[in-house]
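In: Return a 3D structure for these sequence lines:
(one chain, ligands or ions: 1)
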Amino acid sequence: MSIPREGTTLDPWYDQYAARTAGLSGSEVRSLFAVASRPEVVSLAGGMPFVSALPLEAIGARMERVMAERGATALQYGAGQGTPELRERILEVMALEGIHAGVDDVVVTTGSQQALDLVAKLFLDPGDVVLAESPSYVGALGIFRSYQAEVAHIPMDADGMIPAALTERIQSLRAAGRPIKLLYLIPNFQNPGGVTLSSERRLEIIDIARSNGILILEDNPYGLLWFDQAPPQAMRSVDSDGIVYLGSFSKTFAPGFRVGWALAPHGIREKLVLAAEASILSPSAINQMVISDYLSSADWRGQIDVFRGLYRERRDAMIDALEHYLPDLSWTLPGGGFYVWLTLSDGLDAKGMLPRAVKELVAYTPGTAFFADGDGRRHLRLAFCYPTPTDIREGIRRLASVVRQEQELLETFAATGPIDAVPDALQLGSRVISPPPNLS
Ligand SMILES: Cc1ncc(COP(=O)(O)O)c(C=O)c1O
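Out: Residues are numbered from 1 along each chain as shown. Here you go, the predicted model:
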């Protein structure tokens, strides 16, 4: 017997999805990225850590040891909250950023992406508001959208989110009767902006959130990857009641293990464990055991130093190339992490320019990906983590040629009549880099 259903010819179940799936939109530039992954393309698009810099054989030996010595436990279901052993180690990692907490307050998750999802699941009803930086992490925006929440972007400058703008926005949302549930922040080497929230602003923002009864979600996957000086201490180090802190081994070790964590006030932590169990029963036991082994007996701090040196060199290569090839544009100068945020001239559209860039064998992520409201057309994110310095220079050279062609096109059309200005509410402060050095 066939069940009557409408749907479409492509998907007969189309009419039956839950309303929240409307937020599950794939990236408009996904198909282009498939092309961009070809080896001849220099991809400045993805934020993939350079895992080849890890001692792969030594990690393999650890995996073998875990299997040989404790294989039956490694392959079994485990506790929903994660192993006590790994949670102890996580406390040592967080101590590097000034956080002191109890082992019971940590919940191990499948990457910090799952922790983001669990926090959103606990707090967001349809129509709730999440405050976030402008721009913000595309993966978090997708989660907030999937819970039918609305993101209100708060402007940033070179010191991160602007506290006065935050207060103003809270007041206007409150006046409109909107429920504000979370303040989502990436304080260190922000994705995608590359900027770091200053220590004064951290305190100011904590005060604002506290006085308005808004929970802070502090997402910190990049904090230990600083180049010149350590960022200010984590916000969680000064407020243990009003902040859910998220950490990850993806950038300081390896994303393939899919291990991250949440550190939460007691009540929230209990609910997080229940939500995690409902979602995945327990995080991977074997991956937690390998990471515990790595943290207890390998020089993981030394490995983070290796990554810092490597990414610093790549950041420098990118900034040098931008100074050389695109001296008229402006960009942020990250003190760590993976990303530079580039601002194009007025009237240029990074998303519209991407097909031409891919044709010229360079890829980037258009700024619109990092806004919930379609803003960011004049901007693009450049990731320096994966390509070699030589490839980065070549990628920026290609990008500069594409930007020049777009600029010429724009000028040609401007000469023949008025064109629509590209709206741009982004207020992320960017540094204009002074005259280009001679790189010849
Ligand atoms: C700001 C931010 N948060 C969370 C994540 C998710 O990381 P993972 O799930 O690998 O820990 C990423 C990954 O790029 C990120 O940039």
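
In: From Arg174, how far out is the nearest residue to Thr109 once chain neighbours are set aside?
Out: Spatially, and ignoring its direct neighbours in sequence, Thr109 is nearest to Ala115 (4.2 Å; CB to CB, 6 or more residues apart in numbering). Quick note: C-beta positions are derived from backbone N, CA and C, even for glycine. From Ala115 across to Arg174, the span is 28 Å (CB to CB, to the nearest Å).

In: which SS state does the residue nearest to Thr109 fall under?
Out: helix (DSSP: H, G, I helix; E, B strand; the rest coil).

In: Compare Ala115 and Arg174 (neighbour count), which wins?
Out: Using other CB atoms under 10 Å as the criterion, Ala115 and Arg174 rank with Ala115 on top: 27 against 13.

In: quick one: the more buried one and Glu150, what's the gap?
Out: 21 Å.

In: Phe249 now?
Out: Taking CB to CB, one finds Phe249 at 31 Å from Glu150.

In: Which residues does Leu382 form beta bridges with?
Out: Val340 (DSSP bridges).

In: neighbours around it, how many?
Out: 26.

In: List the residues that contact it.
Out: Contacts for Leu382 (CB atoms under 8 Å, 6 or more residues apart in numbering) come out as Leu44, Met318, Trp331, Tyr339, Val340, Trp341, Leu342, Tyr364, Ile396, Leu399.

In: And for Pro49?
Out: Pro49 touches Ser250, Lys251, Ala254, Pro255, Phe307, Phe338, Cys385, Tyr386, counting by CB under 8 Å, 6+ apart.

In: Next step: the residues you listed restricted to helices.
Out: Among the contacts of Pro49, the members found in helices (DSSP state H) are Phe307.

In: filter the contacts of Pro49 down to the ones near the ligand?
Out: The residues of those that also fall near the ligand, by CB under 6 Å from any ligand atom, are Ser250, Pro255.

In: From Gly374, how far out is the residue of the chain found nearest the ligand?
Out: Here the residue of the chain nearest the ligand is Gly111; by CB to the nearest ligand atom that distance is 2.5 Å. Distance of Gly111 to Gly374, computed by CB to CB: 28 Å.

In: Now render the contacts of Leu382 as JSON lines, adding neighbour count and distance to the ligand.
Out: JSON lines is the format used below for those (neighbours: other CB atoms under 10 Å; distance: CB to the nearest ligand atom, whole Å):
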{"residue": "Leu44", "neighbour count": "29", "distance to the ligand": "15"}
{"residue": "Met318", "neighbour count": "25", "distance to the ligand": "18"}
{"residue": "Trp331", "neighbour count": "22", "distance to the ligand": "19"}
{"residue": "Tyr339", "neighbour count": "25", "distance to the ligand": "9"}
{"residue": "Val340", "neighbour count": "25", "distance to the ligand": "14"}
{"residue": "Trp341", "neighbour count": "27", "distance to the ligand": "13"}
{"residue": "Leu342", "neighbour count": "26", "distance to the ligand": "18"}
{"residue": "Tyr364", "neighbour count": "27", "distance to the ligand": "16"}
{"residue": "Ile396", "neighbour count": "29", "distance to the ligand": "22"}
{"residue": "Leu399", "neighbour count": "25", "distance to the ligand": "22"}
